[in-house]
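1. predicted model follows, preceded by the sequence.
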Amino acid sequence: MNIPKTSFPRVVIIGGGFAGLELAKRLGKQDLQVVMLDRHNYHTFQPLLYQVTTGGLEPDSIAYPIRKVLKNYPNSYFRLAEVEQVVPEKKIIKTDIGEITYDYLVIATGSRTNYFGNEAVKNNGMAMKTIPQSLNLRSLILENFEQALLTNNLDRRNALMNFVIVGAGPTGVELAGALAEIKKGILPKDYPDLDIRQMQINLVQGTDRILDAMSPKASKKAAEFLEKLGVNIWTGTIVTNYDGYTVATNADLSFETETLIWTAGVEGATLKGIDGKDLVARGNRVKVDEFNQVEGFKDIFAIGDVAYMPTEKYPHGHPMMAQPAIQQGKLLGSNLVKYIQGKPMKPFRYFDKGSMATVGRNKAVVDLPHWKFQGVFAWFVWIFVHLFALIGFKNKMVVFVNWLYNYIRFDREARLIIRPYKKKGREAAVKKEAEQ
Ligand SMILES: Cc1cc2nc3c(=O)[nH]c(=O)nc-3n(C[C@H](O)[C@H](O)[C@H](O)COP(=O)(O)OP(=O)(O)OC[C@H]3O[C@@H](n4cnc5c(N)ncnc54)[C@H](O)[C@@H]3O)c2cc1C
């Protein structure tokens, strides 16, 4: 990888997400050589992916170059690499660009979409975990309307204009709200020759309420907001199959749709070599102690979504959210230095700042530890928190200006099919229809 061997201990961080970047910023100032590996050369601000999907923001405004973060630290290196395996016995990491040795390894690989073993949904549904996936989805949604214009087959047109979102956590709720707003404000003007009222947005949730990790009040209000926007909510319903056209559920309910969006779960993005049965717990996360040290290893740590640290308050591990990842990255930044110097480390204690979700224009729900509120004020709080959390001054400015413009003009200008998405089976369906 062309990284010089120096007298400084080498810390390799796998993953430039919320946890990895926070850690790198702290270790970069120390007498250490820091090597960051990531399959992307940018950090993704995942909470705003749904806005890229729905044309509210350009992808660049929620991405930030990892090299730009590391450039201030002369002993820090970045390599664009897909990590394939860790060999702890030899202290080697195998990647698609070669191997690298480490003195200390930090796994900050985050999570990946969890289909709970449903291969049909995995093969035929759409995920929204990365910017490329969001762009695929943006193209598919717009291509659906272009196709709907062309077909005379009413069933197919309905399937093209029917959207099924599986999983009503913050991602599913925010996506459903954004789609409902497009339906109301943008699509009727873009497609005056289509009856947009036929468009259906179905939000399917396995448990008995949406936003089930938030307070019952937040769930209730979010459901009211969504229903007002015309979203159909199906709670207590589990999707069992999707063949690319028909969605089957465990209830007496099915949908015909060419777009199923799966936001129903994530699991730890473990790496080969650190994925043995005894190392991995619930949610495919790597077991760590209260210092984020991987069980059984003195020189390997895991932070963020991929780390499973059960505590009295969080018996199933911390929530897979940005705050625990940032806080663990921050603490390990000082703990690792202490550890190398033989000093005692400080145990991790999660400070829960609360959670929130927006449902659309002027509508959001916020649960703070001692205060829960919903509506317009919550929406302003949501905007402020997300602008503040974005990395990079330019990104904050661009997002702010975009939101202001969209708010005033009731618009979302990034509704562009830049990179057409080839949905499996669609060509065959179009050809068959043309022949009829
Ligand atoms: C759509 C969506 C919306 C969300 N909304 C919110 C929200 O509103 N609030 C909130 O708090 N949280 C939200 N989250 C969750 C939040 O984004 C995660 O909890 C957070 O990103 C975890 O940080 P992390 O550093 O552990 O992992 P990540 O930020 O996911 O970073 C992991 C990094 O590792 C890299 N990587 C992984 N495997 C490899 C490999 N094998 N080789 C090389 N590189 C690799 C990835 O490319 C990535 O850059 C959302 C997540 C999604 C998907």
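-> Good, I have the coordinates.
2. just the element for the closest residue to residue 227 other than its chain neighbours, please.
-> Residue nearest to residue 227 in three dimensions, not counting chain neighbours: residue 233, with 6.6 Å by C-beta to C-beta, 6 or more residues apart in numbering. No exception for glycine: its C-beta is placed from N, CA and C like everyone else's. Using DSSP states H and E, residue 233 falls within strand 232-234.
3. what's the spacing between the residue nearest to residue 227 and residue 224?
-> 10 Å (C-beta to C-beta, to the nearest Å).
4. of those two, which one has the most company?
-> residue 233 (19 against 13; other C-beta atoms under 10 Å).
5. now that one, which residues is it bridged with?
-> Beta bridges link residue 233 to residue 203 when assigned by DSSP bridges.
6. ok, it - contacts?
-> Shown in contact with residue 233 (C-beta atoms under 8 Å, 6 or more residues apart in numbering): 168, 203, 205, 210, 223, 226, 227.
7. for the last one, helix, strand, or coil?
-> Reducing the assignment to helix, strand or coil with DSSP: H, G, I helix; E, B strand; the rest coil, the entry for residue 227 is helix.
8. how many other residues sit next to it?
-> Residues near residue 227, counting by other C-beta under 10 Å: 12.
9. returning to that earlier point: most neighbours of all the contacts of residue 233, which one?
-> In the contacts of residue 233, the most neighbours by other C-beta under 10 Å go to residue 168, 30 neighbours.
10. check contacts around that one.
-> 176, 203, 204, 205, 210, 211, 212, 233, 235.
11. could you identify the most distant pair in those?
-> Farthest apart among the contacts of residue 168 by C-beta to C-beta are 176 and 212. That separation is 15.0 Å.
12. just the helices in the stretch 251-400 of the chain please.
-> 322-340, 376-389, 393-409 (DSSP state H, counting those that start in this stretch).
13. most tightly packed of these?
-> helix 322-340 (a mean of 21; mean count of other C-beta atoms under 10 Å).
14. more crowded one of residue 176 and residue 212?
-> Per other C-beta under 10 Å, whichever of residue 176 and residue 212 has more neighbours is residue 176, with 29 against 15.
15. is that one in contact with residue 227, as I believe?
-> No. With contact defined as C-beta atoms under 8 Å, residue 176 and residue 227 do not form a contacting pair (10.6 Å).
16. for the strand holding residue 233, the distance to its chain's centre please.
-> 22 Å (C-alpha atoms, centre = their mean, to the nearest Å).
17. near the ligand, which residues of the stretch 201-350 of the chain?
-> For the stretch 201-350 of the chain, the residues in contact with the ligand (C-beta under 6 Å from any ligand atom) are 269, 271, 304, 305, 320, 321, 322, 323, 325.
18. mind listing what the last one touches?
-> By that I understand residue 325. Taking C-beta under 8 Å, 6+ apart as the test, what residue 325 contacts is 17, 18, 19, 22, 108, 110, 303, 304, 305.
19. kindly report the same for the third one.
-> Under the criterion of C-beta under 8 Å, 6+ apart, the contact partners of residue 304 comprise 15, 17, 18, 19, 20, 108, 109, 110, 324, 325, 328, 329.
20. residues in contact with the fourth one?
-> When contacts are counted by C-beta under 8 Å, 6+ apart, residue 19 is found next to 108, 110, 303, 304, 305, 325, 326, 328, 329.
21. likewise for the first one?
-> When the contact criterion is C-beta under 8 Å, 6+ apart, the partners of residue 15 are 36, 37, 38, 107, 108, 109, 110, 304, 306.
22. make TSV out of the residues you listed and add secondary structure.
-> Shown next, in TSV, are the contacts of residue 15 (three-state DSSP):
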residue	secondary structure
36	strand
37	strand
38	strand
107	strand
108	coil
109	coil
110	coil
304	helix
306	helix
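23. check contacts around the closest residue to the ligand within the stretch 51-200 of the chain.
-> Proximity to the ligand, evaluated over the stretch 51-200 of the chain using C-beta to the nearest ligand atom, is greatest for residue 110 at 2.5 Å. Neighbour list for residue 110: 15, 17, 19, 269, 304, 305, 306, 325 [criterion: C-beta under 8 Å, 6+ apart].
24. the second one and the ligand, how far apart?
-> From residue 17 over to the ligand the distance is 2 Å, taken as C-beta to the nearest ligand atom, to the nearest Å.
25. any idea which element residue 52 lies in?
-> helix 49-53.
26. which other helices and strands contact that helix?
-> helix 131-150, helix 170-185 (3 or more C-beta pairs under 8 Å, 6 or more residues apart in numbering; DSSP states H and E).
27. determine how far the next helix or strand after the shortest one lies from the middle of the whole chain.
-> Following helix 170-185 in sequence order, the next helix or strand is helix 187-190 (DSSP H and E). Helix 187-190 sits 29 Å away from the centroid of its parent chain (C-alpha atoms, centre = their mean).
28. ok, back up a step: can you redo the contacts of residue 19 as TSV with pLDDT?
-> Below are the contacts of residue 19 laid out as TSV (pLDDT from 0 to 100):
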residue	pLDDT
108	98
110	98
303	98
304	98
305	98
325	98
326	98
328	98
329	98
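29. Serialize those to a markdown table and add fields for distance to residue 70.
-> Formatted as a markdown table, these follow (distance: C-beta to C-beta, whole Å):
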| residue | distance to residue 70 |
| --- | --- |
| 108 | 14 |
| 110 | 18 |
| 303 | 17 |
| 304 | 18 |
| 305 | 21 |
| 325 | 18 |
| 326 | 17 |
| 328 | 19 |
| 329 | 14 |
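30. out of the residues you listed, who's nearest residue 98?
-> For these, the nearest to residue 98 is residue 108 (20.5 Å; C-beta to C-beta).
31. surely the closest one and residue 24 touch.
-> No. Residue 108 is beyond contact range of residue 24, at 9.1 Å (criterion: C-beta under 8 Å).
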